[in-house]
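Visitor: Model the structure of this input:
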Amino acid sequence: MPQVLKDEVRARIEAAALRVFAERGYAGATMTAIAERAGVGTASTYRYYAGKRELFDALVTPALAEEFESLLDRRVRALSRAFRAEATRGAAHLGDELLSFWAEHRLAVVILLDRAEGTDYAAFGARFVERLVASTLADLRPRRGESATARFVLARIFDNTRRMLAAILEAHADERALREAIEAFWSYQIPGLQGFARWSARRARGEAEDGKQNAR
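Guide: You can find the predicted model right below:
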């Protein structure tokens, strides 16, 4: 007699798996832990998914990762002038769009940013950081050349951003509290990046003056 698979049980397994993957990472998650969190037997879990990999792939899909990266790119472009303290038309809308995506896919985003080791998305967090570094350097480049110091500092600033966003998303299931926490973090980070841009401009002026002195 064929097994009857229930949508409600599948949904419980998937919700439990997202929580376990977000808490332990893919490498640390087990089907037993997922079954316990879902309140079903481990054998029952295998009736729905052949293994941990198949379950992960059903939850964290290429389409979801691509949408995240697309929204992030649009948000970063909209905010690029913030480093020069210029108003950015449409930035608030794009920020709300990205926040809505994060709220809807909260635990999947945590996994992509910080818990995907051992999966096809293991490099996702590093790509997230590099996107932000490259965008910031591109915005500064009209005034100065890229320096090893600037890249070093920005890479660590944005790696902290990655970890902080993952921590905020993991800790705030309530969407209102989630938005408040992210906005609070951005209110701290954007002035810091503006300060970085001012440092960069001073450094560029100093290099220009040094060049004039050496040319004499």
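
Visitor: Walk me through the domains of this protein.
Guide: What automatic domain parsing lists as the domains of the chain is 7-57, 61-215.

Visitor: deepest of the ones you listed, which one?
Guide: Using mean count of other CB atoms under 10 Å, the stretch among these with the greatest mean number of neighbours is domain 7-57 (a mean of 17). Where you see a C-beta, it was placed from the backbone N, CA and C, and this is true even at glycine.

Visitor: Rank the helices and strands of the protein by mean pLDDT and give me the bottom one.
Guide: When each helix and strand of the chain is scored by mean pLDDT, DSSP states H and E, helix 91-104 comes last, with a mean of 78.

Visitor: Report all helices and strands that that helix contacts.
Guide: Contacts defined by 3 or more CB pairs under 8 Å, 6 or more residues apart in numbering; DSSP states H and E place helix 91-104 against helix 62-79, helix 175-215.

Visitor: who does the shortest one touch, helix- and strand-wise?
Guide: In this case it means helix 62-79. Other elements packing on helix 62-79 under the criterion 3+ CB pairs under 8 Å, 6+ apart are helix 91-104, helix 106-114, helix 124-140.

Visitor: Now with 10 Å, please.
Guide: When contacts are defined as 3 or more CB pairs under 10 Å, 6 or more residues apart in numbering; DSSP states H and E, helix 62-79 sits against helix 91-104, helix 106-114, helix 124-140, helix 175-215.

Visitor: What confidence value was assigned to K212?
Guide: What the model reports as pLDDT for K212 is 56.

Visitor: Show residues contacting the least confident helix or strand of the chain.
Guide: Helix 91-104 has contacts (CB atoms under 10 Å, 6 or more residues apart in numbering) with 64, 67-68, 70-72, 74-82, 88, 108-110, 113, 165, 168-169, 172-176, 178-179, 182-183, 186.

Visitor: what's the answer for stretch 177-185, then?
Guide: Outside stretch 177-185, the residues that reach it (CB under 10 Å, 6+ apart) are 95-96, 98-100, 102-103, 106, 161, 164-165, 167-169, 171-172, 174.
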